[in-house]
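Enquirer: A structural model of the following input is requested.
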Amino acid sequence: MKLTKILVAIIAPLVTLVPQFTPIASAQSDSEIVRGRCNVDIVGLEKGSRVNMRSGPGVEFDIVGYVLVGQRVNGLRYEIGAAVRESDGEAVYWDYVEYIPSQTRGWIAKPFLGDKCWESR
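Expert: Numbers count the residues shown, from 1 in each chain. Model prediction:
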């Protein structure tokens with residue numbers, strides 16, 4: 001009984017650290033979203049600094065992961081070909097992207113996404 005209480009006290013707080021992905025209505029479902037043909041670099045002032053990926057297009061959404069300045073992400077598209085892009089209502093656009101090595105998907109603010117497209121293969 002004492003061991004159970006100790007395990008619950010240790011494990012329960014760790015479960016809250018696991019990021020939860022809450023898709024928003026505009027993203028429909030991941031079954032309708034596919035990888036695009038364009039990979040873009042994460043840009044920022046300092047190479048290696050973190051850029052958050054969020055569960056929705058805005059800073060009020062949970063962080064689902066991060067990528068580093070200098071890494072590449074794939075711009076996701078709807079099956080019909082349009083980019084998955086939303087505005088946060090404050091004139092900032094967000095793209096739904098995937099960091100392919102970990103298959104983490106999330107939203108990144110457009111200012112952190114480079115303009116040059118690297119064709120994915």
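
Enquirer: now do the helices in the chain.
Expert: 2-15 (DSSP state H).

Enquirer: regarding it, what is its longest strand?
Expert: Assignment by DSSP state E gives strand 33-41 as the longest strand of the chain.

Enquirer: if you count neighbours, what's buried in it?
Expert: I33, V34, G36, C38, N39, V40, D41 (16 or more other C-beta atoms under 10 Å). All C-beta atoms are positioned from the backbone trio N, CA, C, and that covers glycine.

Enquirer: how many residues are close by the residue lying closest to M53 once chain neighbours are set aside?
Expert: Closest residue to M53 apart from its sequence neighbours, by C-beta to C-beta, 6 or more residues apart in numbering: G106 at 2.9 Å. Other residues lying near G106 total 27 when counted by other C-beta atoms under 10 Å.

Enquirer: next: M53.
Expert: 26.

Enquirer: circling back to that earlier point, what's the mean pLDDT across the longest strand of the chain?
Expert: Mean per-residue pLDDT for strand 33-41: 89.

Enquirer: so what's the gap between it and the chain middle?
Expert: Distance, stretch centre to chain centre, for strand 33-41: 13 Å (C-alpha atoms, centre = their mean, to the nearest Å).

Enquirer: ok, now stretch 78-92?
Expert: Relative to the chain's own centre, stretch 78-92 is displaced by 13 Å; criterion: C-alpha atoms, centre = their mean.

Enquirer: how far does it stretch from start to finish?
Expert: Stretch 78-92 has an end-to-end distance of 20 Å (C-alpha to C-alpha, to the nearest Å).

Enquirer: show the average pLDDT along stretch 98-115.
Expert: pLDDT averaged over stretch 98-115 gives 94.

Enquirer: would you mark the buried spots in it?
Expert: Buried positions in stretch 98-115, judged by neighbour count with 16+ other C-beta under 10 Å: E98, Y99, T104, R105, G106, W107, I108, A109, F112, L113.

Enquirer: beta partners for the residue most central in space within the chain?
Expert: Taking C-alpha atoms, centre = their mean, the centroid of the chain lies closest to G106, which sits 1.9 Å from it. In this entry, G106 is beta-bridged to V97, by DSSP bridges.
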